[in-house]
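In: I'd like to go over a predicted model; first the sequence, then the structure.
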Amino acid sequence: MSDIVIAASQFGKRYARHDAVRDLSLTIRRGELYGLIGPDGAGKSSFMKAVAGVLSFDSGTLEVFGSRIDSERSAEQVKGRIGLMPQGLGQNLYGDLSVEENIDFFASLRQVPAEVARERKEQLLATTRLAAFRSRPMKKLSGGMKQKLGLVCTLIHAPDLIILDEPTTGVDPVSRRDFWAILAELVASRGLTALVSTAYMDEASRFSRMSLMHEGQVLAEGPPEAILARVPGAIVQCQAVPQIEALQRLSGRFAQCEALGPTLRIFARDVSGETARAEVSQMLAGLAIERLDVLEPELEDVFVALMAEQGRLEKPQLDAPLAAPRDEDTSEFAIEARALTRVFGDFVAVGDVSFQVRPGEIFGLLGANGAGKTTAIKMLTGILPPSGGAGRVAGADMKKAGALIKSRIGYMSQAFSLYLDLTVTENIRLYAGLYGLSREETRNRLEWIIGMAGLAGHEGDLAATLPMGLRQRLALGCALVHRPRVVFLDEPTSGVDPLGRRAFWEILFHLSRVEGVAMLVTTHYMSEAEHCDHLALMFAGRVVADDTPAGMKQAVIAEAGELFEVSGGDVLALVPELRESGFDSVSPYGKKLHVLTRDPQRLGEVVHARLPAARIEARPMAMEDVFVHKVTQLEAAQRKGGT
Amino acid sequence: MSTRTREIVLAVRRFQAMLVKELKQLGRDRVLLAFILYAFTIDIFLAASGVSLSLNNAATLVQDHDHSAASRELTGRFRAPYFRIDGQVAHDKDGLAALDQGKAMVVISVPEGLQKNLATGRQTPVAMQVDTTNSVLGFLATSDAQTIIARFGLESALAKLGVAANAGNMSGLPVVNNEIRVWYNPNQDDSWFMGISEMLNIATVFSVLLPAAAMVREKERGTVEQLVVSPLSPLGILLPKVVSMTGVILCGIALSLFLVLIPVFGIPVKGSLGLFFGLSALYVFTTAGLGLFAATIARNLAQAGMLSILILAPMLFLSGAWTPPEAMPEWLRGMMYASPLHYYLDVAFGVLLKGQGASELGISIAGMSSIGLGVFAAGLLLFRRQFD
C-alpha cells in the first residue's frame, strides 16, 4: 500500500464569479504535518473542504487514501478515516454542552464503541490538559481551550487524516504555542497525517512541508527552509535619526523597506548579510545610526518578495496635498486614561487602567482575547460609560464632553464596519455627512482618501466586492474623513494579507510622523506590535507592562535572561527535564525550543547531556517571546494566588 | 455664523447623509423591495378578491322522502349563489358520510307526507344537518336555511287559509317588513372591507418590521458602533431610519390604493386623501416604536423577525379588523383599546368609505396619536438605554 494520503493534481474550484483555487497540485504522505499558509481568500478552506469530501470541485483530480474523490459516494467511503475541524473558534462544538458531553456526542456520532471511546477520551483530555474542565460548558472556555476541545472531538474516532482549518486564528500566542505543541505530539505519537491551514506567516516553522498560497494560487511549495531559500537575501534592522529621512533614502533603493516603530526593516535581496550591512550604513551616512542588526529573512519577507516579483506590491499615495491641520490643542497627551474601570456584574472587564498617548505616537494595546482591550477602547471612544476612573481624549474630558470628543476622534472598529451595500464614494460621503463636512471639504477629502487608500478605479464599486486590503483602507479613510487628531483602531489588520498590512502600516506611520496624529491600536499579531512606538500589555483587565517595544524586551532580558533557540533532534522531549533543572521560561516553538536564561552554559550542559547533536543559538527577542514570557508568568502567579 | 446656526447646519447635514444612506440601502435590497411590492399589490389583490365572509355555493344534498310537488318546491328554494344542490341521497348514512368526508356542507331531509300534511293542515318537521367546522359559514348556512324554510311554511300556511300569496308578494297582509338601507358599501362587497383591512395590516407589519430590520442589520454588521462614536445622537441615528421607512410604506399604501383598490375593486374615496395619508404617516411613524423595541432586544435579524411576529400577532387580532370590539370578551376589549391599529382602522374606513373629516374622527385620531407617541417614546428610551 502506498503511503500517499492526499494527491491533488491541477485541482480547481470556481465560485460564481471567481476562481477560489487554480491549478493546485500537491502530494501529502503519511505522518506529515502539512501546512497551507496564506491570507484570507487564498483558497485554503475550499481545498480542505474538498479533501474532506464536503465540497465539490470543478477541475483536476483529487485522491484521498488512494481512492478518487469524484462523487458523493466516493467521498463517503473515506470520510470515516478523516477528521475535519472547521474554521472559527468552537465552530463545530455545542456551546451549552460540557467538555465531556461534546466529546461523548462526537464519539457516538462516529459510533465509537463505548469502552474504546472512554479510554481514548481520557488519554486525549490528559494530553490537552482539559481534564480539569470536563464539566465546564464549552461556551465558557477560553479561545485556546475551545480549539483544543475541537481537536479532541476531531480525534475521538481515531482518524488517519485530520484536517484543521485555521485552528489558531483568534487564539492568543501562549495558547497558540500550546496548541502547536500538542498537535505535533499527537501527530508523532499516533502516526497521524495532518493538513493544517493558517494565516500567520510566523507559524510556518511548525510544518514539515507546506504550500504558500495567495488568491487561489500556490506561490511556493516545499519544506519551510526550502521556501525561505527561494528568495535569498538578508534583513537589516536599523534605527537612525531622523527616521523619516532614513526611510526616504532607503526606500529609493530597496523595494521592501518598512518602518517598525522607531526601527526600519529592510530586505536586501540576493546579497549576503555583510554586504547588506555595508550598503545600508553607506546610504545612511551623515545620519545618527543608533543600532544596526542583520537577520535572516522570515516567511513573510519571502511572501512579499514573491508578490513583488509579480508586480503586486501596493504603494499608497501619501503625497496628496493636505489642507492646513486643524486648530492644534495644546494638551500634552492626546489620550490619557486614569484608573479606568469597567465592571459587568461581578466581572471586572477593565480594572484600574492608566496610560498616556502623545500626539504623533502609535500606541499599541496588546493582549489575548478577553483581556479587556476592546472594552478599554469602547470607554475612551464613548461607546461604553466607565464604572470608574477618568480620561481625557483630544483635549476634552471624557465624562463631561462626550459629544466634543466624538467630533474630534476617528474610530475604526473590529472587522471594518463599512456599509457593504454602498459604493466606495457613498461610504465616504456618508461619513463626511455625519461629521458635518461642507460640500467643498467633502470633495477634497474624497480625493485624498481615494488616493491614500489606492481606491482609484474602484469609486463606484460596492464595498462588498472589494478585497480585504482595500476594504480595510476604505474603513481607515472613513475614520479619517474629518481629519481627527486622535484615531482608535480596534484590530485593524485581522484577515488582511501581508501586502495589505504593510501598506496599511505605511499609512499609519505617515499619519503619525508627518501629520502628528495620535493612534491607539489593538492587535493580536505580535509581529505588528513592533510597529508601535509604545506598548501596553493587558492581562485579565489590567495593564501589566507599559513601555516601548525595546524597553519591554530589555525588561524581560533583565528579568529572565537572553533568548536561546534549541533545535536539532527531539528537543520537545526535553521540556520537563529543563523545567526541573530550573529553566522556568521554556516554550516549544515549532520543532524547536525557546528558552530564556542568564546561564547559557548550564543550558548547554543540560541539553547536550541528552542530545549531544542539539544546537543552541542566541536569538533576538521578538514581541511574541515577550508576550509569552509575561503571560506565562502572570498565569503562574494567578494559579498560585488562587490556591 | 453663530454656534447655534452652525449646530443646525451640522444637524441637517447629518440627517441628510443618513436619509440618503437608508434609502440607497433599501433600494439595493432587491429581495426586500420585491417583498414590499408584492405585499402592497398582489397580496392585497388576493385578500380582496379571494377572501369572502359570505355564504357562497354551499354544497347541499337533499334527502327527499316525499317526492311531491311541495318537497320539490321547498328544496328548489335553496338556490345559488348561497346554496348549490349537489344531488340526492337515499339513506341517512349516505348523508352523514358526505358530511364526514366534507363533500357536503348541508343535508336537508324532507320526511314522507309533507305535501299531505300541508294539505291537511298538520305540522311537518324538516331535518337539516349542517357542518359548522367553519363557524361563520355554518352560522350563515343555518340562518339562511331557517329563513327559507320559515318563509315556505308561512306561505304554505297562508295558502291553506285561502289567502292568495304569490311568492314574495304579501301586500295587503299584516306582515312586518324589514326594509334595509345599506350605507358606505352599497353592494355589501366583501372585497372593500377585506382589501382595506389587508392594506392596513400590511402597513402595520412593515412599520414594525422595516425599522427593526434596518437597525438590527447595523448591529449585526457592527456599523452601529461606528455611528455611535460619530457625533450622532441616538435620535440622530433613529430618526432618519424611521422617516425613510415611513416614506417607503406611504408609497406602498399609495401603490395599493391607486393600482389595486380603486381601479380593480372600485373603492370610492369619499373623504380627503390628504387627511388619509397624513394620518397614515402619523400611524406608521409611531408604530415604528415597536420595531425599535424589537431591535433593541434582538441580536440578529432572525430574532428581530420572531419578536416582530410576537408583537404583531396580538396587534392584528385585537385590531377589530376581524372581530368588532363588542363581540370580544370584556377583558380583551380593554386590550383592544390599547392597540393603535384599532384606531387606525376607524380612521381609514372613516375617511375612505364614510368621508369623515378630522373633526368627526377626533377621538380616534387622539387615541391613535397618544398611544403611538407613547409607544415611540418608549421605544426611543429603550434604544438609548442600551448605549448607557
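Out: Happy to help now that I have it.
In: list the contacts of residue A:138.
Out: Applying C-beta atoms under 8 Å, 6 or more residues apart in numbering or on different chains to residue A:138 gives the contacts A:90, A:93, A:94, A:95, A:96, A:97, A:98, A:99, A:102, A:146, A:149. The way it works is simple: take the backbone N, C-alpha and C, and place the C-beta from them, glycine included.
In: between these, which is nearest residue A:28?
Out: residue A:149 (25.5 Å; C-beta to C-beta).
In: quick check: that closest one vs residue A:160, distance?
Out: 21 Å (C-beta to C-beta, to the nearest Å).
In: of the two, which one has the most company?
Out: Shown here are residue A:149 and residue A:160; by other C-beta atoms under 10 Å in any protein chain shown, residue A:149 has more neighbours (26 against 16).
In: leaving out the residues flanking it, which one is nearest to the more buried one?
Out: With sequence-adjacent residues excluded and distances taken as C-beta to C-beta, 6 or more residues apart in numbering or on different chains, residue A:149 is closest to residue A:99, at 5.7 Å.
In: burial count for the residue in chain A positioned nearest to chain B?
Out: Relative to chain B, the nearest point of chain A is residue A:433 (2.3 Å; C-beta to the nearest C-beta). Neighbour count for residue A:433, taken as other C-beta under 10 Å: 23.
In: how about residue A:363, secondary structure?
Out: Following DSSP: H, G, I helix; E, B strand; the rest coil, we place residue A:363 in the strand state.
In: one step back: contacts only, for the residue of chain A closest to chain B.
Out: Per C-beta under 8 Å, 6+ apart, neighbours of residue A:433: A:442, B:13, B:14, B:16, B:17, B:18, B:20.
In: what's the farthest-apart pair in those residues?
Out: Largest separation among the contacts of residue A:433 by C-beta to C-beta: A:442 and B:18, giving 15.0 Å.
In: enumerate every residue touching residue 47.
Out: By default, I'm working from chain A. Listed by C-beta under 8 Å, 6+ apart, the contact partners of residue A:47 are A:8, A:11, A:13, A:21, A:24, A:36.
In: other chain: chain B
Out: Contacts of residue B:47 (C-beta under 8 Å, 6+ apart): B:194, B:195, B:198.
In: try it again with 6 Å
Out: By C-beta atoms under 6 Å, 6 or more residues apart in numbering or on different chains, the contact list for residue B:47 reads B:194, B:198.
In: check which helix or strand covers it.
Out: helix B:44-50 (DSSP states H and E).
In: following the chain onward from that helix, which element is next?
Out: Reading on from helix B:44-50 to the C-terminus, the next helix or strand found by DSSP H and E is strand B:58-64.
In: so which elements touch that next one?
Out: The contact analysis (3 or more C-beta pairs under 6 Å, 6 or more residues apart in numbering or on different chains; DSSP states H and E) places strand B:58-64 against strand B:83-88, helix B:92-100, strand B:106-110.
In: grab the nearest non-local neighbour of residue A:564.
Out: In space, and not counting its chain neighbours, residue A:564 is closest to residue A:595: 5.0 Å by C-beta to C-beta, 6+ apart.
In: what do you get for residue B:317?
Out: Spatial nearest neighbour of residue B:317, excluding adjacent residues (C-beta to C-beta, 6+ apart): residue B:323 at 7.9 Å.
In: might one say that residue A:343 is in contact with residue A:386?
Out: No: taking C-beta atoms under 6 Å as the definition, residue A:343 is not a contact partner of residue A:386, at 9.4 Å.
In: neighbour-wise, which of the two wins?
Out: More crowded of residue A:343 and residue A:386, by other C-beta under 10 Å: residue A:386, with 23 against 14.
In: name the element the more buried one belongs to?
Out: Residue-wise, residue A:386 maps onto no helix or strand under DSSP H and E.
In: not counting sequence-adjacent ones, nearest residue to it?
Out: In space, residue A:386 is closest to residue A:379, 4.7 Å off (C-beta to C-beta, 6+ apart).
In: next SSE downstream of the helix or strand encompassing the one you found?
Out: Using DSSP H and E, residue A:379 falls within helix A:373-381. Next along the chain after helix A:373-381, taking DSSP H and E as the criterion, comes strand A:388-393.
In: quick one: buried residues of that following strand?
Out: Buried residues in strand A:388-393, counting neighbours by 16 or more other C-beta atoms under 10 Å in any protein chain shown, are found at A:389, A:391, A:392, A:393.
In: stretch B:241-249 now?
Out: B:241, B:242, B:243, B:244, B:245, B:246, B:247, B:248, B:249.
In: and the residue nearest to residue A:600 when sequence neighbours are not counted, which of the three is it?
Out: Excluding the flanking residues, the one nearest residue A:600 by C-beta to C-beta, 6+ apart is residue A:564, at 5.9 Å. The three-state label given to residue A:564 by three-state DSSP is strand.
In: list the contacts of residue A:564.
Out: Taking C-beta under 6 Å, 6+ apart, we find residue A:564 in contact with A:595, A:600, A:616, A:618.
In: check contacts around the third one.
Out: With contacts defined as C-beta under 6 Å, 6+ apart, the neighbours of residue A:616 are A:564, A:566, A:604.
In: now it, what's its secondary structure?
Out: Here residue A:616 is recorded as strand under three-state DSSP.
In: run a quick neighbour tally on the residue lying closest to residue A:606 once chain neighbours are set aside.
Out: Among residues not flanking residue A:606 along the chain, residue A:581 sits closest, at 5.1 Å (C-beta to C-beta, 6+ apart). For residue A:581, the tally of surrounding residues (other C-beta under 10 Å) stands at 15.
In: please apply the same query to residue B:254.
Out: Using other C-beta under 10 Å, residue B:254 has 14 neighbouring residues.
In: ditto for residue B:152
Out: By the measure other C-beta under 10 Å, the count of residues near residue B:152 is 19.
In: before we move on, what about residue B:11?
Out: Counted by other C-beta under 10 Å, the residues lying close to residue B:11 total 15.
In: mind pulling the model confidence for it?
Out: Listed pLDDT for residue B:11 reads 89.
In: what do you get for residue A:8?
Out: In this prediction residue A:8 is given a pLDDT of 91.
In: hang on, it is in a helix, isn't it?
Out: No: counting by three-state DSSP, residue A:8 is not found in a helix; it is strand.
In: pretty sure it contacts residue A:62?
Out: Yes: between residue A:8 and residue A:62 a contact is recorded at 5.0 Å, counting by C-beta under 6 Å.
In: circling back to that earlier point, the residue nearest to residue A:600 and residue A:582, how far apart?
Out: In this view, residue A:564 and residue A:582 are 15 Å apart by C-beta to C-beta.
In: report pLDDT for residue 321.
Out: In the absence of a named chain, chain A is used. With respect to pLDDT, residue A:321 scores 46.
In: um, chain B though
Out: Model confidence at residue B:321 (pLDDT) stands at 69.
In: quick one, domains of chain A?
Out: A:4-227, A:232-296, A:335-544, A:549-642 (automatic domain parsing).
In: just how off-centre is the second one within its chain?
Out: Right, domain A:232-296. Distance, stretch centre to chain centre, for domain A:232-296: 25 Å (C-alpha atoms, centre = their mean, to the nearest Å).
In: excluding chain neighbours, what is closest to residue A:12?
Out: Nearest to residue A:12 is residue A:59, by C-beta to C-beta, 6+ apart, at 3.7 Å.
In: that neighbour and residue A:13 touch, don't they?
Out: No: in this structure, residue A:59 is not within contact of residue A:13 by C-beta under 6 Å, at 8.1 Å.
In: okay, those two: which has more neighbours?
Out: Counting neighbours by other C-beta under 10 Å for residue A:59 and for residue A:13 shows that residue A:13 has the greater number, 21 against 14.
In: surely that one is in a strand?
Out: Yes: assessed with three-state DSSP, residue A:13 lies in a strand.
In: need the pLDDT of the residue of chain B found nearest chain A.
Out: Relative to chain A, the nearest point of chain B is residue B:17 (2.3 Å; C-beta to the nearest C-beta). Looking at residue B:17, its pLDDT reads 92.
In: in the strand or helix carrying it, what's buried?
Out: Assigned by DSSP H and E, residue B:17 falls within helix B:3-28. Neighbour-count burial for helix B:3-28, counted by 16+ other C-beta under 10 Å, picks out B:10, B:13-15, B:17-26, B:28.
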